[in-house]
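Student: Fold the following, please.
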Amino acid sequence: MNRAKNFWNGHIFRDQVKLGSNFFKFEAISLEYKIAIVSSNMKLEMDPVQGSVFPSLSSPSRSRTQRRASQPAAMDLELNFEISRTAEFILNRSFTRVALQFPDDLLKHSTKVVTCLRNKLGSGNKVGLFVMADTTFGSCCVDEVGASHIGADCVIHYGHTCLSPTSTLPAFCVFGKASISIPLCVEKLSSYFGTNGKPIVVLYGLEYAHAISHIKEALVEAMPKTKLELIFADVMCSIINPLEDHRKSDGLGYLGSCSSVNSSGAATGTRCSLGGLIWDLLEGRRMEDYLLLWIGPDNSAFSNVVLTFNGCEIVRYDATEDQLVTDVSQQKRILKRRYYLVERAKDANMVGILVGTLGVAGYLHMIHHMKELIILAGKKAYTLVMGRPNPAKLANFPECDVFIYVSCAQTALLDSKEFLAPVITPFEAMLAFSRGSQWTGTYVMEFRDLISSSQLEVSKQPEEARFSFLKGGYVEDFELQENGDGDNDGTLALANATEKALQLRDRDPGSLLKGIAKSGAEFFVTRSYHGLETQVNSSSPEPYLIGRSGKASGYKDEKSEPETL
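Tutor: Residues are numbered from 1 along each chain as shown. Okay, here's the model as predicted:
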């Protein structure tokens, strides 16, 4: 940004700023600006210290009036970002270093949020405010690692959140207030509920929590003569407190202010929760008896609902399009796909454990549990930490036949045709690596629920050969002795029990099929290319040569030719 110095000379001008290989146009209209560079989406945003918000430079052709209308200055910034509640949370707990975590789509509002929050805290309170962006893992989780780098006392999380409990730092979540037309929503819902006699459970995205009470009142007024059993979920909390013991249960599933609740109450029957929402069913009722209504977009939170309550009839109201979607078969196909991935995982010999979070309470215990499960199943386990997984990163580990992604429930589903190996959840890993386990239709997304529930036992005795649906024959898992104590640390070593490897008999479907490499080192030996090797026994080294110099359009050793017109 060598030309950015012209920005401060007080003249009105147009210029370009180079950031890497990207150029951004901007125009100066006053003397005092703050520049914020967003590394994740390579946008350059400039907000004036005083006056209206400066428009985003990602669309320079729009008029100044149109760009101002699209900014949060048109709505109540203090109400939308809950400035008063945030300041009260900070002052009541006497925090002095506060990390403000913004997702990419809200980062452009961070400067005005900091200004409003600073004014609300007052000049006498010496509270340090630090803006965090571009999180290592999913933006829905509290970034405790980033907050620890600045020594923060707490985290203020803005935007979409999974409300997963934290390990060390308290957090205050600001869900935001997405726009929704309550009259149109009530009209659509009342029309549909009038033709459906089933009891209804209403779940929603947390960004619509501010309007749920008004929707409930309007529905009751619109359907006064209808005896409809209607249950609206409540937001469990907006403050997350860290857990002292990640494996201690309080009878409500998991310890903490934002925990998964699976218990029975004497008065209201079954208590359920999912994604920060909590609701009570009537006594004698099950979730399968209800029609499930989701208010919100088709996002990861909705996929979590579809998989967890796959036995329910589900409809979705899209507030953006004002449309009631009754066909969610596309989402339910995900369940069939996940079952196929479980069958593929059963035939895996080397398993990679992907660390998808470093802040969700209990993640380390789940990683150790997955490693123990893999070893007892006679397979090799490798733990990998790489931030957000993508096909390019996972392609660097062709030794792994399957990956287990330990993360929050709303980022756990990673499935793409570009992945060379399937990526499964811890629950799916328990189904795949526990011999004799059968899937009953119940699907658990929260790995914290797996920790608090009864552990699936893995037999330590050698099992008989099992039938592989994908390979079309009987296969035999490697015996446990190959994962002895000397190789449990994950180091690469060739298996020394080669006589225990599977042998190829014939093409009879009832015969055993030949196995493949059993460890990363053995897989490396089978590669045709092992990398560059030093020729120890070679003769004298080759003489070095001087390379060419100059530009590609004309090197110094090339004869220049006269230009022709």
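
Student: is it true that G159 touches D105?
Tutor: Yes. G159 lies in contact with D105 (Cβ atoms under 8 Å); the separation is 7.2 Å. Every residue, glycine included, has its C-beta placed from N, CA and C.

Student: Looking at the two, which one has more neighbours?
Tutor: Counting neighbours by other Cβ atoms under 10 Å for G159 and for D105 shows that G159 has the greater number, 19 against 12.

Student: Contact partners for the more buried one?
Tutor: G159 sits next to F102, P103, D105, L106, S139, V174, F175, G176 when contact means Cβ atoms under 8 Å, 6 or more residues apart in numbering.

Student: Quick check: the gap between the second one and R271.
Tutor: With distances taken as Cβ to Cβ, to the nearest Å, P103 is found 31 Å from R271.

Student: Low-confidence stretches in the stretch 201-350 of the chain?
Tutor: 225, 244-269 (pLDDT under 70).

Student: try the chain
Tutor: For the chain, the stretches flagged by pLDDT under 70 are 1-75, 225, 244-269, 448, 451-539, 559-565.

Student: Just the C-alpha atoms of the lengthiest helix in it, please, in PDB.
Tutor: Counting by DSSP state H, the longest helix found in the chain is helix 329-346. The C-alpha atoms that make up helix 329-346 are tabulated as PDB, following Å, rounded to 0.1, in the frame of the first residue of the first chain:
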ATOM      1  CA  SER A 329     -37.000 -34.700   1.100                       C
ATOM      2  CA  GLN A 330     -33.700 -33.300  -0.100                       C
ATOM      3  CA  GLN A 331     -32.600 -32.800   3.400                       C
ATOM      4  CA  LYS A 332     -33.700 -36.300   4.500                       C
ATOM      5  CA  ARG A 333     -31.600 -37.800   1.700                       C
ATOM      6  CA  ILE A 334     -28.600 -36.700   3.800                       C
ATOM      7  CA  LEU A 335     -29.500 -39.500   6.300                       C
ATOM      8  CA  LYS A 336     -29.200 -42.100   3.600                       C
ATOM      9  CA  ARG A 337     -25.900 -40.700   2.600                       C
ATOM     10  CA  ARG A 338     -24.600 -40.700   6.200                       C
ATOM     11  CA  TYR A 339     -25.500 -44.400   6.500                       C
ATOM     12  CA  TYR A 340     -23.500 -45.200   3.400                       C
ATOM     13  CA  LEU A 341     -20.500 -43.400   4.800                       C
ATOM     14  CA  VAL A 342     -20.800 -45.600   8.000                       C
ATOM     15  CA  GLU A 343     -20.600 -48.700   5.800                       C
ATOM     16  CA  ARG A 344     -17.500 -47.300   4.100                       C
ATOM     17  CA  ALA A 345     -15.900 -46.500   7.400                       C
ATOM     18  CA  LYS A 346     -16.300 -50.100   8.500                       C
END
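
Student: and after it, which helix or strand comes next?
Tutor: strand 350-355 (DSSP states H and E).

Student: Determine the set of other helices and strands touching that following strand.
Tutor: Packing partners of strand 350-355 (3 or more Cβ pairs under 8 Å, 6 or more residues apart in numbering; DSSP states H and E): helix 363-376, strand 380-384, strand 402-406.

Student: So which of the ones you listed is nearest V325?
Tutor: Checking those against V325 by Cβ to Cβ gives strand 402-406 as the closest, at 28.0 Å.

Student: Adjacent strands (with direction) for the closest one?
Tutor: As defined by DSSP bridges, the strand partners of strand 402-406 come to strand 350-355 (parallel), strand 423-424 (parallel).

Student: quick one: what helix or strand has the closest residue to S84 other than its chain neighbours in it?
Tutor: Excluding the flanking residues, the one nearest S84 by Cβ to Cβ, 6 or more residues apart in numbering is K120, at 6.4 Å. Using DSSP H and E, K120 maps to helix 110-121.

Student: Just the C-alpha atoms of that helix, please, in CSV.
Tutor: The C-alpha coordinates for helix 110-121 follow below in CSV (Å, rounded to 0.1, in the frame of the first residue of the first chain):
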residue,chain,number,x,y,z
SER,A,110,-17.2,-3.6,14.0
THR,A,111,-15.9,0.0,14.2
LYS,A,112,-19.3,1.5,14.9
VAL,A,113,-20.1,-1.3,17.4
VAL,A,114,-16.9,-0.6,19.3
THR,A,115,-17.7,3.1,19.3
CYS,A,116,-21.2,2.6,20.7
LEU,A,117,-20.0,0.1,23.2
ARG,A,118,-17.1,2.4,24.3
ASN,A,119,-19.6,5.2,24.9
LYS,A,120,-21.9,3.0,26.9
LEU,A,121,-19.1,1.7,29.1
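
Student: May I see the buried residues of that helix?
Tutor: Going by neighbour count (16 or more other Cβ atoms under 10 Å), the buried part of helix 110-121 is S110, T111, K112, V113, T115, C116, L117, K120, L121.

Student: What is the subsequent helix or strand relative to it?
Tutor: Going down the chain from helix 110-121, the next helix or strand is strand 128-132, by DSSP H and E.

Student: Quick check: can you name the pairing partners of that following strand and their directions?
Tutor: Strand 128-132 has the following sheet partners, assigned by DSSP bridges: strand 97-101 (parallel).

Student: buried residues in the strand it pairs with?
Tutor: For strand 97-101, a neighbour-count test (16+ other Cβ under 10 Å) marks V98, A99, L100, Q101 as buried.

Student: Tally up the residues packed near C237, please.
Tutor: Neighbours around C237, by other Cβ under 10 Å: 15.

Student: Point me to the helix or strand that includes it.
Tutor: Going by DSSP H and E, C237 is not in any helix or strand.
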